[in-house]
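*Asks:* Predicted model and sequence follow; I will ask about them next.
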Amino acid sequence: MGDAVLLMLPALIVLIIVGFPIAFSMMLVALGFGLYRFGDILVLQFAQRVNEVASNYVLGAIPLFIFMGAVLERAGIAERLFDALYMWTRRLPGGLAIAALLMCTIFAAASGVVGATETLVGMLAIPGMLKRGYNNSLIAGTICSGGSLGTVIPPSIPVVVLAPIVTLPVGDLLAGILVPGLMMAGMFMIYIVVACTLKPDLAPADPEPDTRSLGEKLAFTAFALVPPAFLIATVLGTLFAGLATPTEAAACGSFGVVLLAIFYRRFSWRLIFEASIRTVSLTAMILAIVLAGSMFSGVFFASGGMMAVKGMLNAFGLDTWSVIAVILVITFVLGFAVDLISIVLIMMTIAVPVVRTYGVDPLWFSIVFLVTLQTSYLTPPMAPSIFYLRAIAPPEMKLKQMYWGVIPFICCQLVVLALLLTFPALATWMPKLIYG
């Protein structure tokens, strides 16, 4: 088949642009090229791929993490938590936006589902920001950037999918992405405080005084914040400490979130049913894409795709950094049109073996890849985060304001990306500290 295997990626992109679903596009390209190259024996190869995905223990964490997020979303836990956070940030410049970002960070750590975090926090925070006269662009940038943290704050569904591809422990990847994720959240908050200090009209101060005593504030915060924080600490703590696999940690989290619903007196069988339906729907979509990606990569590598890519790079005389730059640019562009899980499967199945041949640390490269993916998720004109926001934003928030609003936050992400490229230890020191 020779270099013809390199046509698989352009063919896939054409099908996606035409409007075919991602999973079916990858399956169709794999089927066409596979039959041409291998004939009927392809059926056996595909059956093997189905068995590998179905028996992958790590992927069992996906529905459990989704269930955690779905229950948290529907149990009303978020409203109380948001009120507690804003109670402490209200006197800061842009205090409501700071509370929204803190909420996004906590929910990203509780669910791992990107779109759910942005939608939930946006529905809670946007009405209050508009009521207090916050600038529409600041509102848009805050909600979009906060929602994007679900890509890089553990436990992240894209990380769980990525781990088997790069043949690294999920714990290493989650620990590696934690520091960059928290750096981003911190930089977002610093930007808001600085911008609102320099331009107070961006976020007028809350005129309503808070009459609660310190004891009342501490009691309310403990009731609203401690149980969810304990749940997150349990899930991530057992995972990082090696006491539980990702699937076991997610199972503990799913059980814990049901206990939280009971604790807050929001438990009902209807809540469990609705959360289960959402879990099944999202899990089916994600695993269909994972299976399609496995089929696509299987045909690509068996047809000599790896050698063809390496030969093409050698023909252009690219060095290590040039190869990394090419991969990251392609990833960034794909982020405009393709969902996160699909990009992970399409790009990393090809990129990781390539960068390994150049002696690049796959853990560091995976973290840089995820940060690039998150930046693409936020970047106009095709930013998925803006599409999520448009679905919940009121009519007075215009698309132009959303585009302008995310630009400062994109700059913050680019700073983090530059730091990762300059100081690789930012991505690797936490896994070494935890796992040695």
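*Replies:* Great, that's in hand.
*Asks:* quick one, longest helix in this protein?
*Replies:* The residue-count maximum for a helix in the chain (DSSP state H) belongs to helix 269-302.
*Asks:* Now residue 362. Nearest residue, chain neighbours left out?
*Replies:* residue 166 (5.0 Å; C-beta to C-beta, 6 or more residues apart in numbering). In this view, the C-beta of every residue, glycine as well, is placed from N, C-alpha and C.
*Asks:* could you measure that neighbour against residue 352, distance?
*Replies:* 5 Å (C-beta to C-beta, to the nearest Å).
*Asks:* likewise residue 16?
*Replies:* Residue 16 is 22 Å from residue 352, by C-beta to C-beta.
*Asks:* One more: residue 330?
*Replies:* Counting by C-beta to C-beta - residue 330 and residue 352 are separated by 14 Å.
*Asks:* So which of those two has more stuff around it?
*Replies:* More neighbours surround residue 352 than the other of residue 330 and residue 352, with 20 against 17 (other C-beta atoms under 10 Å).
*Asks:* Am I right that the more buried one is in contact with residue 361?
*Replies:* No - using C-beta atoms under 8 Å, residue 352 is not in contact with residue 361; the gap is 11.0 Å.
*Asks:* ok so, going back, just give me the neighbour total for the residue nearest to residue 362.
*Replies:* When neighbours are counted by other C-beta under 10 Å, residue 166 comes out with 22.
*Asks:* isn't it right up against residue 353?
*Replies:* No - Residue 166 lies out of contact with residue 353 (C-beta under 8 Å); the separation is 9.7 Å.
*Asks:* Tell me where the stretch 301-436 of the chain has strands.
*Replies:* For the stretch 301-436 of the chain, no strands are identified by DSSP state E, counting those that start in this stretch.
*Asks:* show me where pLDDT drops low in it?
*Replies:* Within the stretch 301-436 of the chain, the set of residues satisfying pLDDT under 70 comprises 305-306, 309-310, 313-314, 336-339, 381-383, 435-436.
*Asks:* And the helices in it, which stretches?
*Replies:* Counting by DSSP state H, counting those that start in this stretch, the stretch 301-436 of the chain has helices at residues 305-316, 320-334, 340-357, 362-378, 384-392, 399-422, 425-435.
*Asks:* Quick check: which of these is nearest to residue 291?
*Replies:* helix 340-357 (9.6 Å; C-beta to C-beta).
*Asks:* With adjacent residues omitted, what lies nearest to the residue nearest the centre of the chain?
*Replies:* Nearest to the geometric centre of the chain sits residue 151, at 1.6 Å (C-alpha atoms, centre = their mean). Leaving aside its sequence neighbours, residue 151 sits nearest to residue 374 (C-beta to C-beta, 6+ apart; 4.1 Å).
*Asks:* pretty sure the one you found contacts residue 153?
*Replies:* No - Residue 374 is beyond contact range of residue 153, at 9.9 Å (criterion: C-beta under 8 Å).
*Asks:* Could you verify my assumption that residue 320 touches residue 357?
*Replies:* No - under the criterion of C-beta under 8 Å, residue 320 makes no contact with residue 357, lying 9.8 Å away.
*Asks:* Helices along the stretch 1-150 of the chain, start to end?
*Replies:* For the stretch 1-150 of the chain, the helices defined by DSSP H, counting those that start in this stretch cover 8-18, 22-38, 42-54, 61-74, 77-89, 95-111, 114-131, 136-148.
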